[in-house]
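Participant: okay, here's the prediction I keep looking at, along with the sequence it came from:
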Amino acid sequence: GQQVMQIPQYQHVQEGEDFTTYCNSSTTLSNIQWYKQRPGGHPVFLIQLVKSGEVKKQKRLTFQFGEAKKNSSLHITATQTTDVGTYFCAAQGAQKLVFGQGTRLTINP
Amino acid sequence: NAGVMQNPRHLVRRRGQEARLRCSPMKGHSHVYWYRQLPEEGLKFMVYLQKENIIDESGMPKERFSAEFPKEGPSILRIQQVVRGDSAAYFCASSPRYPQGASGANVLTFGAGSRLTVL
């Protein structure tokens, strides 16, 4: 079935530093979604990418979908303490959304 | 509040007891998904249901676990004879329609989760 690998598993940065998480698949994806889960919270949808090479921005967050539609990345510029949490990518399988393992971001203020 | 409602938020059970977790989807949504999250781990798909119909239960353990989404009322995830390894957060999510292919998948709206602790 559909699988997505996400790296790194953990990332610790100083506040103000940038952060990037990567999502990779061995198969071509029809689309990819990104979710954020705050500590103790539930996943919340951030964005969906559908087109090859697509780039979308939400304030300090930049999302990319690879040209081959096999990988995606989320980049946060100048992290803030509110960015703390786990970021998941998710790909559409036959009947369900399959989540990557997530990247847990912690920030030193 | 028209969001996905899960209850109970926290549930403590002793080994061998039964756990029942409920999920009311977002208003207008007819598809429900259950995911399990072990501490410090990712979201593992369990089951996908529509009203009165299980669409995909490939992630459900073969024994002790069952799920339903009746015509009336919430979706229920039932765990019989719980063991310590069942301790986890169980998240329900809903979506408004069947996932579509190249035009994009459904966006899931998650509930706050039910955190099961087995003593």
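Facilitator: Perfect, I can see it now. Keep in mind the model is a prediction, meaning the values are calculated, not measured. Numbering: from 1, shown residues only, chains lettered A, B, ... in the order given.
Participant: so where is chain A shaky, pLDDT-wise?
Facilitator: For chain A, the stretches flagged by pLDDT under 70 are A:1.
Participant: can you list the residues of it near chain B?
Facilitator: Taking CB under 8 Å from any CB of the partner chain, the part of chain A that reaches chain B is made up of A:1, A:30-31, A:33, A:35, A:41-45, A:48, A:50, A:88, A:90, A:92, A:94-102, A:104. To be clear about C-beta, it is placed using only N, CA and C from the backbone, and glycine gets the same treatment.
Participant: at 10 Å instead, please
Facilitator: Residues of chain A lying near chain B by CB under 10 Å from any CB of the partner chain: A:1, A:6, A:9-10, A:29-33, A:35, A:37, A:40-51, A:69, A:86, A:88, A:90-102, A:104.
Participant: put the buried members of the residues you listed into a PyMOL selection.
Facilitator: In PyMOL, this line selects whichever of the residues of chain A next to chain B come out buried by 16 or more other CB atoms under 10 Å in any protein chain shown:
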select buried, chain A and resi 6+29+30+31+32+33+35+37+42+43+46+47+48+49+50+69+86+88+90+91+92+93+96+97+98+99+100+101+102+104
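Participant: who does residue B:90 form a beta bridge with?
Facilitator: Beta bridges link residue B:90 to residue B:36, residue B:114, judged by DSSP bridges.
Participant: neighbours around it, how many?
Facilitator: 22 (other CB atoms under 10 Å in any protein chain shown).
Participant: wait, it touches residue B:33, no?
Facilitator: No. The pair residue B:90 / residue B:33 is not scored as a contact, 11.1 Å apart, by CB atoms under 10 Å.
Participant: need the overlap of contacts for these two.
Facilitator: Here residue B:90 and residue B:33 have B:23, B:46 as joint contacts, going by CB atoms under 10 Å, 6 or more residues apart in numbering or on different chains.
Participant: does residue B:71 touch residue B:51 like I think?
Facilitator: Yes. Here residue B:71 reaches residue B:51: they are 5.8 Å apart, a contact under CB under 10 Å.
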